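**Student:** take a look and give me a structure for this.
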Amino acid sequence: SNWAACGRRAGRSAKARMTAPRARGRAGPVSHRAAPQPPSPARTGIKNTQVTYNRRNTTVLDIKFIRENPDAVRENMKKKFQEEKIPLVDRILALDEENRRSITEASELRSQRNALSKQVGMLMGQAKKDPAKLEEAERVKEQVKANARRLAELEQKEAELEAELHRLMLLIPNIIDPSVPIGPDDSANVEVERFGEPSAPGFEVPYHTEIMERFDGIDMDAAGRVSGNGFYYLMGDIARLHEAVLAYARDFMIDKGFTFCIPPFMIHRNVVEGVMSQTEMDAMMYKVEGEDLYLIGTSEHSMIGKFIDQILPEASLPQTLTSYSPCFRKEKGAHGIEERGVYRIHQFEKQEMIVVCKPEESMDWYHKMWQYSVEFFRALDIPVRQLECCSGDLADLKVKSCDIEAWSPRQGRYFEVCSCSNLGDAQARRLKIRVKGENGKNYLPHTLNNTVVAPPRMLIAFLENNLQEDGSVKVPEALRPYMGGKSVLIPKH
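**Tutor:** Reported below is the predicted structural model:
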């Protein structure tokens, strides 16, 4: 997920369009509307949208796709406002053609080597009766040696060309869905729908850490002395509320039929490279010194990584998993760390959902998943909206993405709490995840992810929307079993 996977869009621009239909009420689960289907050749003009797995392919797009659809790849870069990458297409095609020539020549030399080796053996046998054959055998041996030298050169060249091809192809973005709005950055993201009436209380809503402090629920000064900026101690009712939200999220997703999982919190570099772009990796991931291990920025990383280099039986799809993990972020970039509060921090906890499915089912799952987020937040009496991410705001691996944003009564605007993403077959290609179809052939599945909830950021929306004028905080009915039956939290100050 995006806040769950790179945090780069947190603190949305207020310029995002506010053209939603009439707001929905809070009662009842969200229905599953008919979902648009993934891009088809007829819709896109693209020759080949589903490529059979190839062991060399660990990039976003298949090289065969780029060969057959170079104009579509260039047009997609324009839509994503990445015009600086357009020359890469011609560079990749030229390297690919040169590489294929080298491969062909090397293959011919290997065939000649086998034939010439047999000829040498035959001539050496004939030389016992005809000494003149010995000279001919020596000439053939020299040819074998020359061919071997040339083959070594070609194999070295092939390795260099493939390394450069791989490096450049990692920079090529995924083909976005035709339904994605076109825009340069998050200011062009489009509000689709609101769920629940945004509240406007008749009293001043304090800053979220001030609310927590009234419950003796947070100590950021102590965390600063221990760890620096971007960390916190949660205590008492606030810490209990934090865990209650996660426990409810776990059970909420289990009730949706997802399998609960606690994944590894550290992963190898090849898994990191399989699930995210280099830009995201540099801005987010903490590396363990002296080890091939990185702290996860979201459990999506290790949950999708669970299937690395595996062939899944088609009957096992869809894989629907929900996972708990702590998450660790460097938060490098324009936004950086928030010194005062818990909106953007180095460490937080999260319940995630991921799906691995057949390509033709991925858009249906995409719509189900973001609607689960809406249903979850509405059960906690938090108004939310769905915000469609525009082309320029999509990370390179993503086909389509939307945010669920929660209403902040204090600020009078929405802020991001969940991000739902369909990555098509990009992660599957990079991680070599395959599915064996009914016809016995392997193909690439699609992967999706979405945040269920990520406190303590989510607690900002919870506290602001459930705060009462007397300073107490209402506990929604859905959360009471996880709070010892409490219906209200009483401040200490």
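**Student:** what comes into contact with stretch 289-300?
**Tutor:** For stretch 289-300, the surrounding residues in contact (C-beta atoms under 8 Å, 6 or more residues apart in numbering) are 1, 4-7, 263-269, 272, 275, 284-288, 302, 323-325, 327-329, 350, 352, 354, 449, 451. The way it works is simple: take the backbone N, C-alpha and C, and place the C-beta from them, glycine included.
**Student:** how about stretch 215-224?
**Tutor:** Taking contacts as C-beta under 8 Å, 6+ apart, the residues outside stretch 215-224 that touch it are 209, 212, 231-239, 340, 342, 473, 489, 491-493.
**Student:** for it, how far is the first residue from the last?
**Tutor:** End-to-end span of stretch 215-224 (C-alpha to C-alpha, to the nearest Å): 20 Å.
**Student:** pull out the buried residues from it.
**Tutor:** Going by neighbour count (16 or more other C-beta atoms under 10 Å), the buried part of stretch 215-224 is 215, 217-220, 223.
**Student:** which strands and helices lie in contact with the helix or strand hosting Ser419?
**Tutor:** Under the criterion of DSSP states H and E, Ser419 resides in strand 413-422. In this structure, strand 413-422 makes packing contacts with helix 362-379, strand 384-388, strand 400-408, strand 446-453, helix 457-466, judged by 3 or more C-beta pairs under 8 Å, 6 or more residues apart in numbering; DSSP states H and E.
**Student:** pick the most deeply packed of these.
**Tutor:** Comparing the helices and strands packed on strand 413-422 by mean neighbour count (mean count of other C-beta atoms under 10 Å), strand 446-453 comes out on top with a mean of 29.
**Student:** now the helices: where do they sit in the stretch 1-150 of the chain?
**Tutor:** Using DSSP state H, counting those that start in this stretch, the helices assigned to the stretch 1-150 of the chain run over residues 41-44, 63-68, 70-79, 87-126, 132-169.
**Student:** weakest of those by average pLDDT?
**Tutor:** Taking each of the helices of the stretch 1-150 of the chain in turn, the one with the lowest mean pLDDT is helix 41-44, at a mean of 40.
**Student:** and stretch 281-297, which residues are buried?
**Tutor:** Using 16+ other C-beta under 10 Å, the residues of stretch 281-297 that count as buried are 281, 283-285, 293-297.
**Student:** how far does that stretch sit from the chain's center?
**Tutor:** Offset of stretch 281-297 from its chain centre (C-alpha atoms, centre = their mean, to the nearest Å): 16 Å.
**Student:** only C-alpha atoms, please: export that stretch in PDB.
**Tutor:** Taking only C-alpha atoms (Å, rounded to 0.1, in the frame of the first residue of the first chain), the coordinates of stretch 281-297 have been written out as PDB:
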ATOM      1  CA  MET A 281      13.800   1.700  -1.500                       C
ATOM      2  CA  ASP A 282      16.300   4.600  -1.000                       C
ATOM      3  CA  ALA A 283      13.800   6.800   0.700                       C
ATOM      4  CA  MET A 284      12.300   4.200   3.000                       C
ATOM      5  CA  MET A 285      14.400   1.200   4.000                       C
ATOM      6  CA  TYR A 286      16.700   0.700   6.900                       C
ATOM      7  CA  LYS A 287      19.600  -1.700   6.200                       C
ATOM      8  CA  VAL A 288      21.000  -4.000   8.900                       C
ATOM      9  CA  GLU A 289      24.800  -3.200   8.900                       C
ATOM     10  CA  GLY A 290      26.900  -6.100   7.700                       C
ATOM     11  CA  GLU A 291      23.900  -8.300   6.800                       C
ATOM     12  CA  ASP A 292      21.800  -8.900   3.700                       C
ATOM     13  CA  LEU A 293      18.700  -7.800   5.700                       C
ATOM     14  CA  TYR A 294      16.400  -4.800   5.600                       C
ATOM     15  CA  LEU A 295      13.800  -3.800   8.200                       C
ATOM     16  CA  ILE A 296      10.400  -3.900   6.500                       C
ATOM     17  CA  GLY A 297       8.600  -0.600   5.800                       C
END
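**Student:** low-confidence ranges, the stretch 301-450 of the chain, go.
**Tutor:** Counting by pLDDT under 70, the stretch 301-450 of the chain contains low-confidence ranges at 332-339.
**Student:** run the last query once more with 80
**Tutor:** For the stretch 301-450 of the chain, residues meeting the criterion pLDDT under 80 lie at 331-340.
**Student:** all the helices of the stretch 251-400 of the chain, residue numbers only.
**Tutor:** If you assign secondary structure with DSSP H, counting those that start in this stretch, the helices in the stretch 251-400 of the chain sit at 269-275, 278-284, 299-305, 362-379.
**Student:** can you redo those helices as CSV with distance to Pro318?
**Tutor:** Below are the helices of the stretch 251-400 of the chain laid out as CSV (distance: least, C-beta to C-beta, whole Å):
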stretch, distance to Pro318
helix 269-275, 18
helix 278-284, 25
helix 299-305, 13
helix 362-379, 7
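**Student:** quick one: which of the ones you listed is nearest Glu405?
**Tutor:** Across the helices of the stretch 251-400 of the chain, Glu405 has its closest neighbour in helix 362-379 (9.7 Å, C-beta to C-beta).
**Student:** for that closest one, packing partners?
**Tutor:** Using 3+ C-beta pairs under 8 Å, 6+ apart as the contact criterion, the elements in contact with helix 362-379 are strand 190-195, helix 236-255, strand 347-357, strand 384-388, strand 400-408, strand 413-422, strand 446-453.
**Student:** I'd like to know which of those is closest to Arg150.
**Tutor:** Evaluated over the helices and strands packed on helix 362-379, closeness to Arg150 peaks at strand 446-453, with 42.6 Å, by C-beta to C-beta.
**Student:** quick one, what contacts Glu469?
**Tutor:** Shown in contact with Glu469 (C-beta under 8 Å, 6+ apart): 201-203.
**Student:** so it, which of the three states?
**Tutor:** For Glu469, the reduced secondary structure class is coil; criterion used: DSSP: H, G, I helix; E, B strand; the rest coil.
**Student:** quick check, pLDDT for it.
**Tutor:** The per-residue pLDDT of Glu469 was computed as 96.
**Student:** now the one 5 residues further on
**Tutor:** Here, the pLDDT recorded for Lys474 equals 97.
**Student:** that one and Asn466 touch, don't they?
**Tutor:** Yes - counting by C-beta atoms under 8 Å, a contact exists between Lys474 and Asn466, whose distance comes to 4.4 Å.
**Student:** so what sits against both of the two?
**Tutor:** Residues touching both Lys474 and Asn466 (C-beta under 8 Å, 6+ apart): Asp381.
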